[in-house]
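# need coordinates for the below:
(one chain, ligands or ions: 1)
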Amino acid sequence: MAKKTYACKDIGMQCGFTAEAANEQDLMQKIAKHAKEAHGMNRIDDATMKKVKAAIKGA
Ligand SMILES: [Zn+2]
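Numbering: from 1, shown residues only. The predicted model follows:
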């Protein structure tokens, strides 16, 4: 099964967090949880969301 992966450092964060999931929806949930807990982002703004989506790798 194809996997989607994300790494915080790919959007310029000084952070070693990486996540992987089977689809973008699950991945975004993990990223949102991490962003809230580690970066204090209660909500990911549109500019950051664009960067996150551009940084997601995988088919
Ligand atoms: Zn992070």
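
# could you use CA atoms for every contact and neighbour count after this?
Will do.

# so which bits of the strand or helix carrying Ala32 are buried?
Taking DSSP states H and E as the definition, Ala32 sits inside helix 24-39. Neighbour counts over helix 24-39 (16 or more other CA atoms under 10 Å) mark 24, 27-28, 30-35 as buried.

# show me which of those residues neighbour the ion.
Filtering the buried residues of helix 24-39 for neighbours of the ion using CA under 5 Å from the ion leaves an empty set.

# circling back: average model confidence for the helix holding Ala32?
For helix 24-39, mean pLDDT is 97.

# for that helix, C-alpha coordinates in CSV please.
Provided in CSV are the C-alpha atoms of helix 24-39 (Å, rounded to 0.1, in the frame of the first residue of the first chain):
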residue,chain,number,x,y,z
GLU,A,24,-3.6,12.3,3.1
GLN,A,25,-6.6,12.7,5.4
ASP,A,26,-5.1,10.5,8.1
LEU,A,27,-1.7,12.2,7.7
MET,A,28,-3.2,15.6,8.1
GLN,A,29,-4.8,14.5,11.3
LYS,A,30,-1.5,13.4,12.7
ILE,A,31,0.1,16.6,11.5
ALA,A,32,-2.6,18.8,13.0
LYS,A,33,-2.3,17.0,16.4
HIS,A,34,1.5,17.4,16.3
ALA,A,35,1.3,21.1,15.3
LYS,A,36,-1.0,21.7,18.2
GLU,A,37,1.0,19.8,20.8
ALA,A,38,4.5,20.7,19.7
HIS,A,39,4.1,24.1,18.0
